[in-house]
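**Student:** Structure, please.
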Amino acid sequence: MEPDKLDPQVLVDLAQARMPFGKYAGRLLLDLPEPYLLWFERQGLPGGRLGELMAMMIEIKREGLGGLLRPLAPPPRLRRP
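**Tutor:** Numbering: from 1, shown residues only. Here you go, the predicted model:
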């Protein structure tokens, strides 16, 4: 997706998306450790929307921009399932 065509809702979705399976099931993608995301990148990201969001999160974390999504994330008390 080109930056000028990015829907702002995508950032909200990214900040609120949760990992649906695995070691970190239920955690926000934003709270996943970067090495875990990079492992997925090497092994192959899941298909569909989850893979798209994970790929975006990898780039955001690589650039050190995760803090920009924090205001869009659920409050800390609601972060854990």
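
**Student:** And the helices in this structure?
**Tutor:** Assigned by DSSP state H, the chain shows helices spanning 8-16, 34-43, 48-62.

**Student:** For Leu28, find the nearest of the ones you listed.
**Tutor:** Between Leu28 and the helices of the chain, the shortest gap by C-beta to C-beta is with helix 8-16, which sits at 7.1 Å. Bear in mind the C-beta positions are built from the backbone N, C-alpha and C, glycine included.

**Student:** How about the contacts made by Lys23?
**Tutor:** Contacts for Lys23 were tallied using C-beta atoms under 8 Å, 6 or more residues apart in numbering; they are Tyr36.

**Student:** try 10 Å
**Tutor:** Listed by C-beta atoms under 10 Å, 6 or more residues apart in numbering, the contact partners of Lys23 are Leu32, Pro33, Tyr36.

**Student:** Switch these over to CSV; also include distance to Gly44 and neighbour count.
**Tutor:** Written out in CSV, the entries for those read as follows (distance: C-beta to C-beta, whole Å; neighbours: other C-beta atoms under 10 Å):
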residue, distance to Gly44, neighbour count
Leu32, 16, 20
Pro33, 18, 12
Tyr36, 14, 15
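
**Student:** re the thing from before, tell me which of the helices of the chain lies nearest to Arg70.
**Tutor:** helix 8-16 (7.5 Å).

**Student:** so what does that closest one touch, helix or strand wise?
**Tutor:** Of the remaining helices and strands, those touching helix 8-16 by 3 or more C-beta pairs under 10 Å, 6 or more residues apart in numbering; DSSP states H and E are helix 48-62.

**Student:** who touches Gly44 in this structure?
**Tutor:** When contacts are counted by C-beta under 10 Å, 6+ apart, Gly44 touches Gly51.

**Student:** before we move on, back to that, can I get the helices of the chain in CSV with mean pLDDT?
**Tutor:** Putting those into CSV (pLDDT from 0 to 100) gives the following:
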stretch, mean pLDDT
helix 8-16, 91
helix 34-43, 95
helix 48-62, 95
